[in-house]
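Asker: Need coordinates for the following:
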Amino acid sequence: MTLDCTRTDLTLGIVGTGLMGQGIAQIAAQAGVKVLLYDTRENGAEQARTAIQKVLNRLVEKGKISDLAATESLNKLHVLGCMEELSPCHLVVEAIFENLEVKHQLMLTLEDIVSDNCLLATNTSSLSVTSIAAGCRLPGRIGGFHFFSPVPLMKIVEVIKGIMTEDWVSLALTKLAMRIGHTPVQAKDTPGFIVNHAGRGFGTEALRILDEGITEFSKIDKILCEAAGFRMGPFQLLDLVGLDVSHPVIESIYNQYYQEPRFRPSTVTRQRLAAGLLGRKSGKGFYCYEENTPEAVKNFVPTARPAKVWISNSIQEMNRIVTELVVSLGAVLDTDDIPSKESLCIVTPLGKDATTATLEENLDASRTLALDTLFSLKKHRTLMTTPLTSQAMRDAAHGLFASDGTAVTVINDSAGFVAQRVVALIVNISCDIAQQQIASPGDIDLAVTLGLGYPQGPLSWGDTLGPLRILTILNEMSTFYGDPRYRPSPWLKRRANLGVSLLTVENQEKE
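Answerer: As a prediction, the model looks like this:
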């Protein structure tokens, strides 16, 4: 069986015309596809068509499309009065709410309406495509077609192949994605597919850092945006999506993977959800969005400076980077093997906490702080104290590293700082996605870049930072915590030790 999604008379049915269904209908109509809209809500499909018309009108006003293009697109949208009117469709995409049983029942109903040649697709974001198709008369014609919101702007769609999905279905959905201006990525039917799976490390590790009392949520956001380069911090993202949506997804993926430690949820979000602190939609989440909210008080930056600065040489490259920075800030270097009693001691660990680094070099914990050098020090600098670091040395270090106007965040002791921990988890989880052959390395990077807006694809990012460094961070964190959450993926271990790119596929895969 085949379906030519480039045909000029292609007819697409959309069941469920909420925000996702509207978006899919809009881009399909703009690509010249005839779209049949159906919703069980009274006037739901008509309201969706009206909403799309308004969007098209705004595009005309902004000069992005012509009046003629808007009219032609609108004429491609047809409101149906009953589900039976979907019978002429070559393809039907369901975009109803996330409920496995309801989606499964819908597929059974559609099978009695459409022809046996009609492709059926589900826009599920986290449910099993295989389970949705199970028990259908023709399960091989059912595939996953997962868009991201807002559909017209998020130019990525995951094409998911269930266990019973036939090859022609994935091929047809791939070609349709390209026709409507989206980038398709192929994924196996696993919890979270690519994007929602790969993104687990961002929020869950940030919540774990908050759980441990390492620093405040706003400082975690600040570090990850300014130091690591994320567009939005994890707590800003949780507020944007809403805990009523994000927390159930966190729990769902954790349970679907049989309590995989890498995806362990946090009591923080469970409690805040129970309290109704959903985020923007409730006016208050981690941040406050209510009117007349007082402006945040700017962090105090000490003016103190150290008499001398001694810099660890345990990692020579890190020593060079910090030495150049300290000299540029006008500080006096202590170049003795053993630091003098008046010197501020700076260590530069990868994956270790400041206490461990201090003890390894036999330093005075009251005068020692750690500096994260995995990321550029031009936009942001993260300092980490030991439990014994004196306030005077903390202020002197803060004052020195902020003296050129660069933002500095001081955190409590943590194996892996903040940015090291979060990025290492993201890279490691993506390596495991590649190891499990859920998607190709290239599609993993492409999907995460387009779907989550990370500075780089996770595998390419791991290459940029250095696979051996990522492996070192994970090994050190695993040793410190004794938590399998931080165990390195076999994909990462082999490529890091071989000195090759994390995008490297097995030779057999190339044939």
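Asker: How are the strands of the stretch 1-150 of the chain distributed by residue range?
Answerer: Remark: strands of the stretch 1-150 of the chain, listed N- to C-terminal, are 11-15, 34-38, 77-79, 91-94, 119-122, 142-147; assignment by DSSP state E, counting those that start in this stretch.
Asker: helices or strands up against the second one?
Answerer: Spelled out, it's strand 34-38. strand 11-15, helix 19-30, helix 44-61, strand 77-79 (3 or more Cβ pairs under 8 Å, 6 or more residues apart in numbering; DSSP states H and E). (Glycine included, C-beta is placed from N, CA and C.)
Asker: Figure out how far that strand is from the centre of its chain.
Answerer: Strand 34-38 has its average C-alpha position 32 Å from the chain's average C-alpha position, going by Cα atoms, centre = their mean, to the nearest Å.
Asker: Now it: buried residues?
Answerer: For strand 34-38, burial by neighbour count (16 or more other Cβ atoms under 10 Å) applies to 34, 35, 36, 37, 38.
Asker: Identify the bridge partners of the third one.
Answerer: Partner residues in beta bridges with residue 36, using DSSP bridges, are residue 13, residue 78.
Asker: From what I see, it and residue 89 are in contact.
Answerer: Yes - with contact defined as Cβ atoms under 8 Å, residue 36 counts as touching residue 89 (6.3 Å).
Asker: shared neighbours of those two, which are they?
Answerer: Residues touching both residue 36 and residue 89 comprise 11, 12, 13, with contact defined as Cβ atoms under 8 Å, 6 or more residues apart in numbering.
Asker: give me every residue that touches the first one.
Answerer: Contact partners of residue 11, counting by Cβ under 8 Å, 6+ apart, are 33, 34, 35, 36, 88, 89, 90, 91.
Asker: now, the most widely separated pair of those residues?
Answerer: Farthest pair in those (Cβ to Cβ) is 33 and 88. Separation: 13.2 Å.
Asker: out of the two, which sits in the busier spot?
Answerer: Residue environment comparison for residue 33 versus residue 88 gives the larger neighbour count to residue 33, 24 against 13, counting by other Cβ atoms under 10 Å.
Asker: these two touch, right, that one and residue 76?
Answerer: Yes - under the criterion of Cβ under 8 Å, residue 33 is in contact with residue 76, at a separation of 6.5 Å.
Asker: In a markdown table, list the helices and strands packed on strand 34-38 along with distance to residue 198 and mean pLDDT.
Answerer: Conversion of the helices and strands packed on strand 34-38 to a markdown table gives the following (distance: least, Cβ to Cβ, whole Å; pLDDT from 0 to 100):
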| stretch | distance to residue 198 | mean pLDDT |
| --- | --- | --- |
| strand 11-15 | 28 | 98 |
| helix 19-30 | 20 | 97 |
| helix 44-61 | 30 | 97 |
| strand 77-79 | 34 | 98 |
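Asker: what would these look like in JSON lines with distance to residue 161?
Answerer: Shown next, in JSON lines, are the helices and strands packed on strand 34-38 (distance: least, Cβ to Cβ, whole Å):
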{"stretch": "strand 11-15", "distance to residue 161": "20"}
{"stretch": "helix 19-30", "distance to residue 161": "19"}
{"stretch": "helix 44-61", "distance to residue 161": "29"}
{"stretch": "strand 77-79", "distance to residue 161": "29"}
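Asker: Can you say which of those is packed in most?
Answerer: Each of those was given a mean neighbour count from mean count of other Cβ atoms under 10 Å, and the largest, a mean of 26, is that of strand 11-15.
Asker: And residue 248, how close does it get to residue 144?
Answerer: 19 Å (Cβ to Cβ, to the nearest Å).
Asker: Between these two, tell me which one has more neighbours.
Answerer: More neighbours sit around residue 144 than around the other of residue 248 and residue 144, counting by other Cβ under 10 Å; the figures are 29 against 15.
Asker: ok, now which ones touch residue 85?
Answerer: Residue 85 is in contact with 36, 38, counting by Cβ under 8 Å, 6+ apart.
Asker: so residue 463 touches residue 504, yeah?
Answerer: No - between residue 463 and residue 504 there is no contact, the gap being 9.7 Å when judged by Cβ under 8 Å.
Asker: picking up where we left off before, and which of the shared contacts of residue 36 and residue 89 is nearest residue 469?
Answerer: residue 12 (47.0 Å).
Asker: Hmm, that closest one is touching residue 28, no?
Answerer: Yes - with the criterion set as Cβ under 8 Å, residue 12 and residue 28 qualify as a contacting pair; they are 5.4 Å apart.
Asker: Would you mind listing the residues touching both of these two?
Answerer: Common neighbours of residue 12 and residue 28, using Cβ under 8 Å, 6+ apart, are residue 35.
Asker: thinking again about what came up before, nearest to residue 492, out of the helices and strands packed on strand 34-38?
Answerer: For the helices and strands packed on strand 34-38, proximity to residue 492 was assessed by Cβ to Cβ; helix 19-30 is nearest, at 34.1 Å.
Asker: what is the orientation angle of the closest one with strand 142-147?
Answerer: Orientation of helix 19-30 against strand 142-147 (axes from the mean of the first three to the mean of the last three Cα atoms, to 10 degrees) gives an angle of 90 degrees.
Asker: I would like the residues contacting helix 19-30, please.
Answerer: Helix 19-30 is touched from outside by 12, 14-15, 17, 35, 37, 39, 48, 51-52, 55-56, 65, 69, 73-74, 76-77, 93, 95, 123, 147, 149-152, 180-182, with contacts defined as Cβ under 8 Å, 6+ apart.
Asker: re earlier: pipe the strands of the stretch 1-150 of the chain into JSON lines and attach distance to residue 491 per row.
Answerer: Below are these laid out as JSON lines (distance: least, Cβ to Cβ, whole Å):
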{"stretch": "strand 11-15", "distance to residue 491": "38"}
{"stretch": "strand 34-38", "distance to residue 491": "41"}
{"stretch": "strand 77-79", "distance to residue 491": "45"}
{"stretch": "strand 91-94", "distance to residue 491": "33"}
{"stretch": "strand 119-122", "distance to residue 491": "29"}
{"stretch": "strand 142-147", "distance to residue 491": "24"}
